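*Asks:* Here is the input, now give the coordinates:
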Amino acid sequence: MAISSQGIGSGLDVNSIVTQLVAIEKQPLQALQTKATSLQSQLSLYGTIKSQVSALKDAATNLASASSWASQAATSSNASAATVSVDSTATATSFGLDITRLAQSQTTASRTVTAGSALGAGSGTGQLTIQLGSWGSAGAGPFVAGAAVAVNINVSETDTYTTIAAAINASNAGVKATVLKIGTTERLSFQSATSGKDAGFTIASNGGFAALDSLSFMSLGNGSESASGMESSQVGLNATLKINGVSVESATNTVANLVPGVTLNLAQTTTVGSPVQITVAQDKVALQKNIQTFADAYSALNKTLADSTKYVQGGRSGALQGDSTTVGLQSLMRKIIGSSSTGSTYARLSEVGLEQQADGSMKLNATKLTTAMGDLSNLQKLFTTNNSDPTTNGFGLKLRDLASGLLAADGTVSNKSTALQGAISRNGDEQDRVSERAARVEKRLRAQYSALDAQMAKISGLSTYVTAQLAQWNKTS
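*Replies:* Residues are numbered from 1 along each chain as shown. All right, here's what the predicted structure looks like:
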């Protein structure tokens, strides 16, 4: 009979014995697993360090670039009359702005009809022909057609103002139509799609039915419109303004690049003798923000390095405590921040308000920075000077080049990450070897105890047989 369970023949608790022996073989796994957890923590930290070094590189690169120091900001002394914005091509300047007239679009309005009523009483059809052009600089005519081809709109007597407005708006004729509801009545209003004297229009009614003439708007040659057609609400005019006394016109109230890189947004006319003062100067707010970003990026990296290498007696130390690479990187960062540069009247970051704290972080002293901004040229040189010497270059270049080196394929941060990944891989291989060795031991032990059980079962069977024979012999005797 086969042995169905180890230990039956021998009487031993074979499963317990084998399990304990295999556990001894697996004891190295615990240390390996603990080490693997530590290595994963270190690799994760270096992922954070890599990201923070990259952020520091971006902030330093920005301060190392002359273009970031050339950023301009514009202000208006009367934002109610005009606001101002600039692009990267703007340069420092200042000028007075007088606004004598705002640009406007031509508008017309139909006669009043009952809301929702048809244009005519029959079934006739016709066309409205819209022609864009100019009524002159004063809007008094005569009308001169522009280069755009006239657009025809089909209209029937059964159409309402709403139907006609939809057809005009879909025609791309350069005119927009709006239905105005006034109690139980309504009017149809037309407005040129753009402002300015060259965006005027006429509307001719062609055939079909008499009611169509009520939507016409034609020049009579003397600057007035036809009495039977639409009423003029507003003529199309250019904005008129003066820059330092020089007269200028604009078809819109957004005047771009009249002064290179500067966009003026006109909102209302100004009082004679009280021009709006427009000033374009170096953007100190943006500069302070860039410098603050630099300080924050450095401080974030410093904190990660400090926390990961700290030693806590009797407590939980940092995951990289005692790691020479990380400690060396922390020391190098602090050394560069505390170094000096040549080429500016300022030599150290602390002189312009970037002060290193006891914990290694960097704090911005706004009072010192404001004072330093009174000499923007030398403040810029402190970050941008290139002496072709990494020890005396401006701090933007120093930190940019350091960060680039750390992140390079053969740089400290990249090499450390690669080394940690290799250690994790080797640790995993060692765990596999321990597990495989333990599995082989277990297989061997179970085979040995199975053989022992089988042998003990035979001996037990023989003993039973001999005992039975002796008992029978005694009875016979």
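
*Asks:* ok, R348 touching S340?
*Replies:* Yes. Between R348 and S340 there is a contact under Cβ atoms under 8 Å: 5.3 Å. (C-beta placed from N, C-alpha, C; glycine too.)

*Asks:* For G322, the count of nearby residues, please.
*Replies:* 10 (other Cβ atoms under 10 Å).

*Asks:* who's the closest residue to N253 other than its chain neighbours bridged to?
*Replies:* Distances taken as Cβ to Cβ, 6 or more residues apart in numbering place L266 nearest to N253, at 4.2 Å, with adjacent residues excluded. Here L266 sits in beta bridges with A82, going by DSSP bridges.

*Asks:* separation between L266 and G139?
*Replies:* According to Cβ to Cβ, to the nearest Å, L266 and G139 sit 18 Å apart.

*Asks:* Compare the two (neighbour count), which wins?
*Replies:* L266 (22 against 18).

*Asks:* tell me how far the helix or strand harbouring R187 is from the chain's mean position?
*Replies:* R187 is part of strand 185-192 when elements are defined by DSSP states H and E. The gap between where strand 185-192 is centred and where its chain is centred comes out at 43 Å by Cα atoms, centre = their mean, to the nearest Å.

*Asks:* what's the domain layout of the chain?
*Replies:* 30-68+285-414, 72-103+239-282, 107-234 (automatic domain parsing).

*Asks:* I'd like these as CSV, with mean pLDDT and distance to D453 appended.
*Replies:* Putting these into CSV (pLDDT from 0 to 100; distance: least, Cβ to Cβ, whole Å) gives the following:
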stretch, mean pLDDT, distance to D453
domain 30-68+285-414, 94, 32
domain 72-103+239-282, 96, 88
domain 107-234, 90, 95
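
*Asks:* N427 and L32 touch, don't they?
*Replies:* Yes. When contacts are counted by Cβ under 8 Å, N427 is listed as touching L32 (5.8 Å).

*Asks:* ok so, going back, how about the domains of the chain in JSON lines, adding distance to R433?
*Replies:* Below are the domains of the chain laid out as JSON lines (distance: least, Cβ to Cβ, whole Å):
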{"stretch": "domain 30-68+285-414", "distance to R433": "10"}
{"stretch": "domain 72-103+239-282", "distance to R433": "61"}
{"stretch": "domain 107-234", "distance to R433": "77"}
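
*Asks:* the strands in the stretch 151-300 of the chain, which residues?
*Replies:* 151-156, 175-182, 185-192, 200-206, 231-234, 239-243, 246-250, 254-256, 262-266, 276-282 (DSSP state E, counting those that start in this stretch).

*Asks:* nearest to S117, of those strands?
*Replies:* strand 185-192 (8.5 Å; Cβ to Cβ).

*Asks:* biggest helix in the chain, by residue count?
*Replies:* helix 412-476 (DSSP state H).

*Asks:* For S51, see how far away N265 is.
*Replies:* Distance from N265 to S51, by Cβ to Cβ: 40 Å.

*Asks:* still on that earlier bit, just put the strands of the stretch 151-300 of the chain in CSV and tack on distance to T392.
*Replies:* Listed next are these as CSV, based on distance: least, Cβ to Cβ, whole Å:
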stretch, distance to T392
strand 151-156, 70
strand 175-182, 64
strand 185-192, 64
strand 200-206, 66
strand 231-234, 66
strand 239-243, 46
strand 246-250, 49
strand 254-256, 44
strand 262-266, 38
strand 276-282, 26
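
*Asks:* Q131 is nearest to which of the ones you listed?
*Replies:* Q131 lies closest to strand 200-206 among the strands of the stretch 151-300 of the chain, at 5.1 Å (Cβ to Cβ).

*Asks:* Name the surrounding residues that touch that closest one.
*Replies:* With contact meaning Cβ atoms under 8 Å, 6 or more residues apart in numbering, strand 200-206 is reached by 106, 108, 126-135, 139, 143, 145, 152, 174-175, 190, 192, 212-213, 215-219, 229-230, 235-236.

*Asks:* Now the buried members of those.
*Replies:* Among the contacts of strand 200-206, the ones that count as buried by 16 or more other Cβ atoms under 10 Å are 106, 108, 126-128, 130-135, 139, 143, 174-175, 190, 192, 212-213, 215-219, 229-230, 235-236.

*Asks:* For the stretch 101-250 of the chain, just list every one of the helices.
*Replies:* Assigned by DSSP state H, counting those that start in this stretch, the helices in the stretch 101-250 of the chain fall at 161-169.

*Asks:* Likewise for the stretch 301-450 of the chain?
*Replies:* With DSSP H, counting those that start in this stretch, the ranges of helices along the stretch 301-450 of the chain come out as 324-337, 366-372, 376-384, 395-407, 412-476.

*Asks:* and these, which is most packed in?
*Replies:* Counting by mean count of other Cβ atoms under 10 Å, helix 395-407 has the highest mean neighbour count of the helices of the stretch 301-450 of the chain, with a mean of 21.

*Asks:* and it, what does it pack onto?
*Replies:* Under the contact criterion of 3 or more Cβ pairs under 8 Å, 6 or more residues apart in numbering; DSSP states H and E, helix 395-407 touches helix 27-64, helix 324-337, helix 376-384, helix 412-476.

*Asks:* Does anything pack onto the shortest one? Which helices or strands?
*Replies:* Looking back up the chat, that one is helix 376-384. Judged by 3+ Cβ pairs under 8 Å, 6+ apart, helix 376-384 is in contact with helix 27-64, helix 66-69, helix 395-407.

*Asks:* Neighbours of A31, how many?
*Replies:* Using other Cβ under 10 Å, A31 is surrounded by 11 other residues.

*Asks:* Spit out the contact partners of it.
*Replies:* Contact analysis of A31 by Cβ under 8 Å, 6+ apart lists nothing.

*Asks:* cool, T270 as well?
*Replies:* 78, 81, 97-100, 276.

*Asks:* Name the member of the residues you listed with the most neighbours.
*Replies:* Busiest of the contacts of T270 [other Cβ under 10 Å] is L97, holding 25 neighbours.
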